[in-house]
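*Asks:* Pasted the sequence and its predicted model underneath.
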Amino acid sequence: MGVGKTTIGELVAKKLYRTFIDVDKEIEKDFGMTIPEIFDQHGEPFFRDYEKKKTCLLAQEKLKVLSIGGGAFLNPDIRKACLDHCIVFYLDVAWEEWKERLNLLIDSRPILQSKDISEIEELFYKRQSAYAINHSKLSINHRSAEEVADFIVDSLKYAWELYEPNNV
């Protein structure tokens, strides 16, 4: 949450000539309202169930760059769908650096509202165990979105070169 998944995902998609899909934006389109409004009107359990269905479906689409919400990967079904059908990059950021972004996140993240800083820090660290299950971890501390996107693209190209079937 708040690490720049959308910005970085859009850059990666552009560099790879792929379609970018932000799952939260797709859900907002489906309902014609923002995520906080969906939380308010339907509740978190309803949102999480819909998020699971939408994400698991989108994860199966080929040649797409997908960005999922910060809480989505905590769901075992979503995590399995992403790990089975996608290449999962974990954009890791230190608490101190992430905390500096907090004022930009509070209003648009229902899960953070009405929490004090110690509860937010607890949530931040609690999510780390789920995020630790990935295909590639990248520390984004003090890196620009462009640098992170370039690293991801280079990693994918290198992996393709390593694992491309030999055409003899």
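*Replies:* On my side now, so go ahead. Numbering: from 1, shown residues only.
*Asks:* all strands of this protein, in order?
*Replies:* Counting by DSSP state E, the chain has strands at residues 19-22, 64-67, 89-92, 136-139.
*Asks:* strand partners of the last one, parallel vs antiparallel please.
*Replies:* When pairs are called by DSSP bridges, strand 136-139 turns out to pair with strand 89-92 (parallel).
*Asks:* Dump the partner strand to CSV, keeping only the CA atoms.
*Replies:* Extracted C-alpha coordinates of strand 89-92, given in CSV (Å, rounded to 0.1, in the frame of the first residue of the first chain):
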residue,chain,number,x,y,z
PHE,A,89,7.3,-8.6,-7.7
TYR,A,90,7.3,-7.4,-4.1
LEU,A,91,8.2,-3.8,-3.9
ASP,A,92,9.7,-3.5,-0.5
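*Asks:* could you give the mean pLDDT of it?
*Replies:* Average pLDDT, strand 89-92: 88.
*Asks:* before we move on, what about stretch 136-151?
*Replies:* Stretch 136-151 comes out at a mean pLDDT of 90.
*Asks:* Save the strands of the chain as JSON lines, and put in mean neighbour count too.
*Replies:* (Glycine included, C-beta is placed from N, CA and C.) Output for these, formatted as JSON lines (neighbours: other Cβ atoms under 10 Å):
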{"stretch": "strand 19-22", "mean neighbour count": "16"}
{"stretch": "strand 64-67", "mean neighbour count": "20"}
{"stretch": "strand 89-92", "mean neighbour count": "19"}
{"stretch": "strand 136-139", "mean neighbour count": "14"}
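*Asks:* mind giving me a markdown table with those and columns for distance to Arg79?
*Replies:* Formatted as a markdown table, the strands of the chain follow (distance: least, Cβ to Cβ, whole Å):
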| stretch | distance to Arg79 |
| --- | --- |
| strand 19-22 | 17 |
| strand 64-67 | 13 |
| strand 89-92 | 11 |
| strand 136-139 | 15 |
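*Asks:* Many thanks, have a good one.
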